[in-house]
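Q: I'd like to go over a predicted model; first the sequence, then the structure.
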Amino acid sequence: MEKTKFGYKEIDQKDKPSKVNQVFTSVSNRYDLMNDIMSFGLHRFWKKQFLRLCNLSNKKNVLDVACGTGDIALAIKKQKNSINLTCLDPNKEMIEICKQKFLNSGITDMIYENSGIEDFKLSSNKYDLVTLAFGFRNFTNHEKGLRNIYDCLEPGGLFLLMDFKKPRNEIYSKLFKTYTLKVIPKIGQIVADDFESYKYLGESIQTYFLPEQIEEMCLEVGFECTKIVNLLEDVATIHIARKL
């Protein structure tokens, strides 16, 4: 049986989707609040920069993978309402919160899919933009996920991936490790009454790929990697890749 990472643990690949799903079911109700607290509100600025790099002016069909509660997707739709937007997430509770956000904003022309990108059957060459923010860490089979993203993009289509990373600076790296492994779970316990889920989230950041590894994975499935943008003292990155 093939193994994969679940935080610091090595588990059977077949078990990871259900374990990750349990985490996000547990955190869904306080997810947005915890994002604000854990990042000191900085995730909002990162997402604005992410959105600018999407270059929505010429985009028509967009897929938001691991959409979560819909922050990125809603921002895309508000910036360009004519875009045909599909929200994809394997967690039912997250999708329901996402739907409600759009309804509260008066937006009804949406497509929602309760599935992970690794297992979802997408039409080939359908989208001109695929976005993935803070979700790649939770994939079970990263190569399969990237291949499906590549396949569903039209030639010339863009893929933007944003996630945390460990800083290269030794001092920042030590501080970041302490914060993700010690502080974040305690905040989760206080705010969301959930230590274990945020312990996993902190560990998943520490065991995440290096930017060069992600770039290599994208190249292997056929992407042209055009840019890597570092955010805030090197604690997060945005990867921009294009389907040839």
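A: Great, that's in hand.

Q: can you give me the strands for this protein?
A: Secondary structure of the chain (DSSP state E): strands at 3-6, 9-12, 61-65, 84-89, 111-114, 127-133, 153-164, 223-231, 236-243.

Q: List just the one of those strands that sits closest to Asn29.
A: strand 84-89 (15.3 Å; Cβ to Cβ). C-beta here means a position set from N, CA and C on the backbone, and glycine is covered the same way.

Q: Next, find the distance separating Gly106 from Gly68.
A: 21 Å (Cβ to Cβ, to the nearest Å).

Q: Show me which residues of stretch 154-162 are buried.
A: 157-162 (16 or more other Cβ atoms under 10 Å).

Q: For the strands of the chain, give me TSV that also has distance to Gln189 and mean pLDDT.
A: Formatted as TSV, the strands of the chain follow (distance: least, Cβ to Cβ, whole Å; pLDDT from 0 to 100):
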stretch	distance to Gln189	mean pLDDT
strand 3-6	20	91
strand 9-12	20	94
strand 61-65	30	98
strand 84-89	25	98
strand 111-114	29	96
strand 127-133	25	98
strand 153-164	20	97
strand 223-231	27	92
strand 236-243	24	97
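
Q: With distance to Ile37 added, can I get those strands in a markdown table?
A: Shown next, in a markdown table, are those (distance: least, Cβ to Cβ, whole Å):
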| stretch | distance to Ile37 |
| --- | --- |
| strand 3-6 | 24 |
| strand 9-12 | 26 |
| strand 61-65 | 23 |
| strand 84-89 | 22 |
| strand 111-114 | 27 |
| strand 127-133 | 18 |
| strand 153-164 | 15 |
| strand 223-231 | 18 |
| strand 236-243 | 16 |
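
Q: contacting residues for Thr237?
A: Residues in contact with Thr237, defined by Cβ atoms under 8 Å, 6 or more residues apart in numbering, are 162-163, 165, 211, 228-231.

Q: bridging residues for it?
A: Thr237 has these beta-bridge partners by DSSP bridges: Asp163, Asn230.

Q: same thing with the one 4 residues further on?
A: Applying DSSP bridges to Ala241 yields these beta-bridge partners: Phe159, Cys225.

Q: gap between it and Leu53?
A: 12 Å.

Q: With neighbour numbers in mind, choose between these two.
A: A count of neighbours by other Cβ atoms under 10 Å puts Ala241 above the other of Ala241 and Leu53, at 28 against 16.

Q: In contact with that one, which residues?
A: 158-161, 218, 223-226.

Q: Using CSV, please lay out these together with distance to Glu196.
A: Below are these laid out as CSV (distance: Cβ to Cβ, whole Å):
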residue, distance to Glu196
Leu158, 36
Phe159, 32
Leu160, 31
Leu161, 27
Cys218, 32
Phe223, 35
Glu224, 40
Cys225, 35
Thr226, 38
